[in-house]
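K.L.:
Give the three-dimensional model of this entry:
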Amino acid sequence: MAHPDHLHTYAAGMGEPSLQAVTVRLAHPGGSRAADREALLASAAQVTGVDPASTAVGRRCPHCGSDTHGRPWATVQGAAVGVSLSRTPGVLALAVGPVGIGVDVERVSRVAAAPLDASSPGERARYGSDPVRLAACWAATEAVLKRDGRGLRVDPASVDVDLDAGTAVLDGAVHRVRVRYLDDDVVLAVATDTERIVIDDRREHDPREHDRREHDRREHDHRRRDR
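P.N.:
Presented below is the predicted three-dimensional model:
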């Protein structure tokens with residue numbers, strides 16, 4: 001399976017993927033977590049250009065060692081590849097790149113409907129009650145905590161996100177985080193030191209996305225008529 005050179009190369013004689021970008025595939029969530037895990041395996045295989053039979057994915061909790069939850073991992077031909085996964089209603093984000101990445105996707109409307117007392121003092125000072133910016137901060141916080149590996153065992157308010165600088169500070173360490181506003185209601189954050197982010201949005205090709213947008217449009221028209 002061929003793949004563009006700007007996304008990966010192989011270390012000479014070793015068959016080891018040296019990924020030069022983080023690729024984030026956007027799709028609809030599967031019917032189960034097992035289905036989403038299979039989608040992550042397929043993404044890892046496609047991005048690295050290898051046979052899925054040579055790819056393995058799983059989870060490992062760094063805290064208790066369980067393989068039923070915790071940070072996802074992947075290997076391609078026996079070599080470690082960075083992967084991360086996130087879900088929000090109607091959207092599944094699958095990230096593949098160098099080892100040490102984190103991804104999160106959020107709906108602005110969902111965060112606004114259930115405000116979280118998880119903003120740092122700096123975020124509150126910079127963004128006030130702006131729902132879009134606060135949703136972006138929350139997505140960035142989750143992405144950084146996934147990259148860190150401890151997840152929500154860490155107080156989210158201890159992560160200070162500066163959206164304009166593209167950074168988040170955790171325990172005195174500065175993490176680079178890239179935020180993308182996919183539409184008016186969906187925000188994506190990727191924590192990585194890699195310069196290049198590739199968005200592979202496959203939602204448009206799914207008839208469920210068309211149905212959802214049509215439903216949203218009808219709801220919007222209905223609310224306008226009721227005003």
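K.L.:
show me what contacts the residue nearest the centre of the chain?
P.N.:
Nearest residue to the geometric centre of the chain (Cα atoms, centre = their mean): Val103, 2.5 Å. Going by Cβ atoms under 8 Å, 6 or more residues apart in numbering, Val103 touches 24, 84-86, 93-95, 143, 146, 188-191. All C-beta atoms are positioned from the backbone trio N, CA, C, and that covers glycine.
K.L.:
Check which element follows the helix or strand that contains it along the chain.
P.N.:
Counting by DSSP states H and E, the element that carries Val103 is strand 102-107. For strand 102-107, the following helix or strand on the C-terminal side (DSSP H and E) is helix 108-113.
K.L.:
Pull out the buried positions in that following helix.
P.N.:
Residues of helix 108-113 classed as buried under the neighbour-count rule (16 or more other Cβ atoms under 10 Å) are Val108, Val111.
K.L.:
residues in contact with that helix?
P.N.:
Thr88, Pro89, Pro131, Val132, Leu134, Ala135, Trp138, Asp184, Asp185, Val186, Val187.
K.L.:
Drop anything exposed from those.
P.N.:
Counted by 16+ other Cβ under 10 Å, the contacts of helix 108-113 give Thr88, Val132, Leu134, Ala135, Trp138, Asp185, Val186, Val187 as buried.
K.L.:
contacting residues for the fifth one?
P.N.:
If a contact means Cβ under 8 Å, 6+ apart, then Trp138 has Asp104, Glu106, Val111, Leu116, Ala118, Pro156 as its contacts.
K.L.:
so the first one touches Ala143, yeah?
P.N.:
Yes: under the criterion of Cβ atoms under 8 Å, Asp104 lies in contact with Ala143, with a separation of 4.4 Å.
K.L.:
Neighbour count for the two, which is higher?
P.N.:
Ala143 (31 against 28; other Cβ atoms under 10 Å).
K.L.:
OK, contacts around His63?
P.N.:
Gly70, Arg150, Arg153.
K.L.:
got TSV for the residues you listed, with neighbour count and secondary structure too?
P.N.:
Listed next are the contacts of His63 as TSV, based on neighbours: other Cβ atoms under 10 Å; DSSP: H, G, I helix; E, B strand; the rest coil:
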residue	neighbour count	secondary structure
Gly70	17	coil
Arg150	14	coil
Arg153	11	helix
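K.L.:
Looking at those residues, which is nearest Arg203?
P.N.:
Closest approach to Arg203 among the contacts of His63 (Cβ to Cβ): Gly70, at 27.3 Å.
K.L.:
From Arg150, how far out is the closest one?
P.N.:
10 Å (Cβ to Cβ, to the nearest Å).
K.L.:
again with Pro72
P.N.:
15 Å.
K.L.:
residue ranges of the strands in the chain, please?
P.N.:
With DSSP state E as the criterion, the chain has strands at 8-10, 17-19, 22-27, 55-60, 71-76, 79-88, 91-97, 102-107, 160-162, 167-170, 173-181, 186-191, 197-201.
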